[in-house]
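Structure, please.
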Amino acid sequence: MDIALRTTAAAIALSLLTLPGAAQVGKVSPEDVVDGALDMKRASEKADKLIPDGTKYCKWGVASLDTSDLEVAISRSLLNHGSNVPEKIPASKMWRVSLVAADIINQFAMNVSECDLRLRSSDQARAVFLSASPALERLITVRTRFDELAYQQTRWQEQSTQAPRNDEVPDPPGAGKLATGEILAAAREMKEAAEAAGRVTATSRKNSACIHADNQGKAPDFTDLTKLIDYMIAVSGSNSTSTIPAANMWGVSSAGDAAQVDILLTLEGCSTYAGEKKEARSAATESLQVYHRLTAAIAAFDALALRQTEWEEKCAALSESVIREQ
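Numbering: from 1, shown residues only. You can find the predicted model right below:
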């Protein structure tokens, strides 16, 4: 799984553009959105099939989410009356589905790591691991593809707004604009958590008790995340009324996702001998701690990005209403 997941990590880091002023993008086809969501559902179903053996041989914990939750999210957010494809699917609805998939992936990743601890002592645990690893890779891959569609739809919505908001267009009810400082704090924590994960990964590569892939891959690129943080620092100290586009937020979040895959691989590589070697056990424990911190930081930042996406959509609808009345 190492090389495959590192390839996935690189794809995550490169798949989402983040800088404003990028080329115009087209509207995403609702059919493509639903197809992408169903790909995630099918990948999740394959992971679910491993639960009985994973519970028996790897001591998997009970997951709070499974495919049924993803199916409900798809039905509520992407379909009309639970089965019909609508003419337009807002980006925020797509991101809501993606975040459910992210939770399922994180839970499944933690369960797969339980098999790592038993690889050397149980043939059954090894068999579960060999099935679960590609299932996890598939889940990550299809979610990344779906996120590319959601990102494209977010940018299309931002670019296709009929008119910029102005003082004559009030904030939509119950949908206040996010404060730049709130986004800044979440972005800083995500970057710090990702960098901490990177340090643990770098240290583990010097640890002979951990197993390493031949292809270590490139470290996640935080260039665009740093640029966004620097910009928010600049506007926070001025009288600027600048708004951070939701697409920019979703774009830089991909660097956190790539770092998350890297630390997951580190956890896997150090868990194999954790039961026998103190150095491996210590590295695995530290990897798990930073994985949880990074996962929480990404979730908090993504929640803000979702709120910003919903705010943009409500502002666009209100602006269109004002234009029609003029």
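
Can you pull the poorly scored residue ranges out of the stretch 101-250 of the chain?
162-176, 213-218, 237-242 (pLDDT under 70).

in it, which spans are helices?
Ranges of helices in the stretch 101-250 of the chain, per DSSP state H, counting those that start in this stretch, are 123-160, 180-204, 223-236, 246-271.

Off-centre distance for the first one?
Just to be clear, that refers to helix 123-160. The offset between the C-alpha centroid of helix 123-160 and the centroid of the whole chain comes to 9 Å, using C-alpha atoms, centre = their mean, to the nearest Å.

Am I right that residue 119 is in contact with residue 128?
No. When contacts are counted by C-beta atoms under 8 Å, residue 119 is not listed as touching residue 128 (9.7 Å). For every residue, glycine as well, the C-beta is placed using N, CA and C.

more neighbours, the two?
Neighbours per residue, other C-beta atoms under 10 Å: of residue 119 and residue 128, the larger number sits with residue 128, 27 against 20.

need the contact list for that one.
Going by C-beta atoms under 8 Å, 6 or more residues apart in numbering, residue 128 touches 50, 53, 54, 57, 58, 115.

Would you reformat those residues as JSON lines and include distance to residue 312, neighbour count and secondary structure?
Converted to JSON lines, the contacts of residue 128 look like this (distance: C-beta to C-beta, whole Å; neighbours: other C-beta atoms under 10 Å; DSSP: H, G, I helix; E, B strand; the rest coil):
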{"residue": "50", "distance to residue 312": "39", "neighbour count": "21", "secondary structure": "coil"}
{"residue": "53", "distance to residue 312": "45", "neighbour count": "17", "secondary structure": "helix"}
{"residue": "54", "distance to residue 312": "41", "neighbour count": "23", "secondary structure": "helix"}
{"residue": "57", "distance to residue 312": "47", "neighbour count": "19", "secondary structure": "helix"}
{"residue": "58", "distance to residue 312": "43", "neighbour count": "25", "secondary structure": "helix"}
{"residue": "115", "distance to residue 312": "42", "neighbour count": "28", "secondary structure": "helix"}
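
can you put these in TSV and add distance to residue 84?
TSV is the format used below for the contacts of residue 128 (distance: C-beta to C-beta, whole Å):
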residue	distance to residue 84
50	32
53	37
54	36
57	42
58	40
115	40
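
List just the nearest of these to residue 33.
residue 50 (27.4 Å; C-beta to C-beta).

got the contact list for that closest one?
The contact partners of residue 50, by C-beta under 8 Å, 6+ apart, come to 128, 131, 132, 135.

out of those residues, who's nearest residue 284?
Lowest distance from residue 284 to the contacts of residue 50 (C-beta to C-beta) belongs to residue 132, with 17.4 Å.

Spatially nearest residue to that closest one, not counting backbone neighbours?
residue 112 (4.6 Å; C-beta to C-beta, 6 or more residues apart in numbering).
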